[in-house]
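> Make a model of this:
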Amino acid sequence: MSWDPSIATIKCSDSIEFLAWSPCSRFIAISILSEGKTHLLDAVTLQRLKSFESPRFSVDLLAFSPEGRSLIRFNYDLGVITSWDLQTGVRADNILTGEPLRAPSITHSGCGTMLGVLFKDEDKAPTINTYNMISGTLMFRHPVEGTDTGSIWRHGDCVRFTTVRPESTTVWEVGFSSQLPPTEVETFPTLNDSYLSNQSLFHPAPPRLASITGPEKTLLVWDARYSKLLLNSTGVEDPRQMSFSSDGHFFACEAQSGEIHLWKESPTGYILHRKLLPSDTHMSFPKNFFSPNGQSMVTIGRKDLQLWRTTDSPSSTSSVPARYCRSAGRFVVGFSQGGPLAVAARFGCDTATVLDLKSGATRLTVDAGAVICAVGVAANTIAVVGDGMIITWNLPTDGHVLGARADRSHSVRTTRLDLWEPSGSQLQEDDFVFISPGLNYVVAGRSLFPSRTCPSIYDASTGMLIGQIESWDTLPWFTLDERELWYSDSTFPTHKGWAIVRNSESNVTELEPLDQTVAPSGCPPWESSHGYQVRDDGWVLNSTGKRLLWLPPRWRPEAEGVWDDELGEGVNKAWSGMFLALSHSGLPEVVILEFLVE
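Numbering: from 1, shown residues only. Presented below is the predicted three-dimensional model:
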């Protein structure tokens, strides 16, 4: 599944206030703004496992106990700390802090009976309070001198935290049950006073210090122990929340646009690993962005939660060049009947690529010199529809020739389609055009949704208009022998078909309505002829219902073949034998999966 770093997405009834990862990285806890509930989610599927009721007042922190058996929820309005047992769902006695202070960070003692809390308030200096979780009482309160970096962590039987000054960064520690003031553990020099910033983040092991500084909002990451600069970047527009993975191997920062920049540690410093754009860019960036094992991370939108994978390689560049692409829209894909070839092109671009499905190698790339709206391949011929023409090329006769290129001058035939609509200059994303399996017919229609026109059928060899058929709510499809054309209505389980016949007297091809309402099975390209199916929950099943593959959320079925104008994105799939093609308007390439015969 390395071809998509997005693992799962869920929609919520309201904004997510806070989030916490379990120590084992298997669970995620979230708090919903208006529900007064805390939910426990599976950290792979984001399926809701349990919900915990609590009073409806603001939540400032969630945290798991070290062994992962209990969950802490801190409510800053009333200064109440609530604990739940995750196995039984039983709520323990509340701890009253005595004052409504905001708590930016919580850590447990190793045995889980003690709790350290870093409190912040706009009008007061930061303090670190320690509590006895069994008795629910405040033990000690320790003031923090200087500018803290916003987080605390456990080290043995102590709480550790950092403060930043113009000339140094200092690590402090104080015992969970100690009334003595914090003591200095280690001090790291700051190489340049100008690097000091109120936006700083310290990672303890290995020691890393991240800062956002200067009028250009430069992003800096230091190896604090050896005073080595690991990252110096101005490429993040208005950088905001920062986060390290638990081992410091990954570093991430959110831009104003909502885009996440993810860096990976290398011998020379942090290098850009990938950029991620969440589905909802109006998001808040959680402090505990990474899972404890560093293999996953989360982003929080206004009403959604999105889970990402960090350990995969970045997505490859597009294998379908598009030099004159007028739109970053959907792909059009075609398979050869029973053969090993597929062809793909970006709708509205001028380049199509033929792929050998046996080897995965590119057989031919053609520059059509026209705005492509449909493609097809049969035997050793590739056909492209664009600018009111159907253009065909022959593939190299030697099947071992790979990576060949061709342009309009290498085509074997160009046929202009009569009364063509739409014209290339008016091509829209909601137009639908496709070629029959044997490349003998072309179907074209305007504005499939919401206002439709009757699709037109053309004879590909002559370019003549055969006729028009009434428009229903799905794309039409041909039978494999191309003697019939069918429509389905998803609202009512009915079908309508037309026979494609040649009049012996006039030698003209015509359409004749069929009386039957039972359509041949497995003919639409979005249905598998082998009985496979892609369910709404993302599972691909074989004909017996066995689960074969789980698709990430962005690949899950929507209205087949329909462009989503409201969302500005579309997902399409096409089956051919045991091959499944997936395309997404927001991704640079088509994904083709092969399912082996069991």
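> could you list every residue that touches Phe52?
By Cβ atoms under 8 Å, 6 or more residues apart in numbering, the contact set of Phe52 is Lys37, Thr38, His39, Leu40, Leu71, Arg73, Trp84, Gly89, Arg91. All C-beta spots, glycine's among them, are computed from the backbone N, C-alpha and C.
> can you rerun that using 10 Å?
Phe52 is in contact with 29, 31, 36-40, 71, 73, 82, 84-86, 89-91, counting by Cβ atoms under 10 Å, 6 or more residues apart in numbering.
> Name the nearest of these relative to Ile128.
Arg73 (19.5 Å; Cβ to Cβ).
> Tell me the predicted confidence for Leu427.
Looking at Leu427, its pLDDT reads 57.
> repeat for Asp430
59.
> Could you do Asn572 as well?
Asn572 is given a pLDDT of 81.
> re earlier: from the contacts of Phe52, which would you call buried?
The neighbour-count test (16 or more other Cβ atoms under 10 Å) applied to those identifies Ala29, Ser31, Thr38, His39, Leu40, Leu71, Arg73, Thr82, Trp84, Leu86, Arg91 as buried.
> Check which element follows the strand or helix carrying the second one along the chain.
Put plainly, it is Ser31. Using DSSP states H and E, the element containing Ser31 is strand 27-32. Sequence order places strand 37-42 as the next helix or strand after strand 27-32, per DSSP H and E.
> What strand or helix carries Thr187?
strand 183-189.
> Give the buried residues for that strand.
The neighbour-count check on strand 183-189 (16+ other Cβ under 10 Å) flags Thr187, Phe188 as buried.
> Using CSV, list the CA coordinates for it.
Provided in CSV are the C-alpha atoms of strand 183-189 (Å, rounded to 0.1, in the frame of the first residue of the first chain):
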residue,chain,number,x,y,z
THR,A,183,17.7,21.3,39.5
GLU,A,184,19.7,21.9,36.3
VAL,A,185,20.6,18.7,34.4
GLU,A,186,22.3,20.0,31.3
THR,A,187,22.8,23.3,29.4
PHE,A,188,23.2,23.5,25.6
PRO,A,189,24.6,26.7,24.0
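> so how far is that strand from its chain's centroid?
41 Å (Cα atoms, centre = their mean, to the nearest Å).
> what are the pairing partners of it, and which direction each?
Strand 183-189 has the following strand partners under DSSP bridges: strand 168-175 (antiparallel).
> which parts of the partner strand are buried?
Thr169, Thr170, Val171, Trp172, Glu173, Val174, Gly175.
> now swap in stretch 61-75 and tell me
Buried, per 16+ other Cβ under 10 Å, within stretch 61-75: Leu61, Leu62, Ala63, Phe64, Ser65, Gly68, Ser70, Leu71, Ile72, Arg73, Phe74, Asn75.
> Repeat that for stretch 477-491.
For stretch 477-491, burial by neighbour count (16+ other Cβ under 10 Å) applies to Trp477, Phe478, Thr479, Glu484, Leu485, Trp486, Tyr487, Ser488.
> Confidence-wise, which of those comes last?
Among the buried residues of stretch 477-491, pLDDT bottoms out at Ser488, giving 72.
> Now do that one against Phe478, distance only.
13 Å (Cβ to Cβ, to the nearest Å).
> who touches both of those two?
Common neighbours of Ser488 and Phe478 (Cβ under 10 Å, 6+ apart) are Pro524.
> Tell me how many other residues surround Asp42.
For Asp42, the neighbour count with other Cβ atoms under 10 Å is 14.
> for Ala574, what are its contacts?
Taking Cβ under 10 Å, 6+ apart as the test, what Ala574 contacts is 331-335, 342, 344, 434, 524-527, 560-561, 580-583, 590, 592.
> Enumerate the beta-bridge partners assigned to Leu272.
Trp263.
> so it makes contact with Ile260?
No. At 11.3 Å, Leu272 does not count as touching Ile260 under the criterion of Cβ atoms under 10 Å.
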